[in-house]
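Enquirer: The following block contains a protein sequence and its predicted model.
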Amino acid sequence: MSRRVQRVMVVDDHEIVRTGVRSLLTDHPDFEVVADASAGDAGLIAARVAKPDIAIIDYSMPGLNGLQLTIALKQTMPAPAILLYTRNDREELVLEVIRAGARGYVRKSDPEADLVKALRALSIGGTFYSPALPPAAIDRALSPVRGNKHHLTDREREIVCKLAEGNTSIEVSNILGISVKTVETHRAAVSYKLGMRNWADVVRYGLRNDIVAV
């Protein structure tokens, strides 16, 4: 009995990447590219319409970045398996996307065969991470953090505290020396991890659970 063809979506702001992935998969009839988008926001809309089994996404894109798109896609029904396919090899950022629910990570500099291997692994419920990513780092990302049952990173906890003090995202970015977009990305990650969309609820939860100091 043949397996069902896996429906794939590609979200990348470079047309050459989207075209290249589509061309690569023509040699693999068990995969079909059913949608593509050049920005994170458009990718989310496309996913809701096309309902792909697997979403191949970049990290740095207009609109929603890879982390924000991963969080949003995990909230769609049905949620696709997510494969981060990017030039970005900053371990901290990659691990954040994995924590948010991505089951695969392939660098654009990795062999094309690795992208196909990753798709095959995700299609059967497995995972695939670039050999360039240390297994110990993946284990740390996916394991509960001692003394931090909420799985928030130190930066996320710091941002929750600063916002709970009444600072705006712009003020927090100035205080911590990071971009406003980075603050908003961490806010989205915190809301996803805690299952709360209302920031007032996040602050109250933080106070009750010693995330935010009184």
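Expert: Yep, that arrived. If you're wondering where the values come from, they're calculated on a predicted model, not measured in any experiment.
Enquirer: where does the protein dip in pLDDT?
Expert: 1-3, 143-151, 195, 197, 209-214 (pLDDT under 70).
Enquirer: Would you mind confirming that Ala47 is in contact with Gly40?
Expert: No: using C-beta atoms under 8 Å, Ala47 is not in contact with Gly40, being 10.5 Å away. For the C-beta atoms, the positions are set from N, CA and C on the backbone; glycine is no exception.
Enquirer: ok, the two, which is more surrounded?
Expert: Gly40 (26 against 23; other C-beta atoms under 10 Å).
Enquirer: which residues sit in contact with the nearest residue to the more buried one once chain neighbours are set aside?
Expert: In space, and not counting its chain neighbours, Gly40 is closest to Leu64: 2.8 Å by C-beta to C-beta, 6 or more residues apart in numbering. Leu64 makes contacts with Ala39, Gly40, Asp41, Gly43, Leu44, Ala72, as judged by C-beta atoms under 8 Å, 6 or more residues apart in numbering.
Enquirer: Give me the neighbour count for the first one.
Expert: Right, Ala39. 17.
Enquirer: Residue ranges of each domain in this structure, please.
Expert: Annotated domains of the chain cover 6-142, 154-208 [automatic domain parsing].
Enquirer: tell me the most buried of those?
Expert: Comparing the domains of the chain by mean neighbour count (mean count of other C-beta atoms under 10 Å), domain 6-142 ranks first with a mean of 18.
Enquirer: for that domain, how far is the first residue from the last?
Expert: 26 Å (C-alpha to C-alpha, to the nearest Å).
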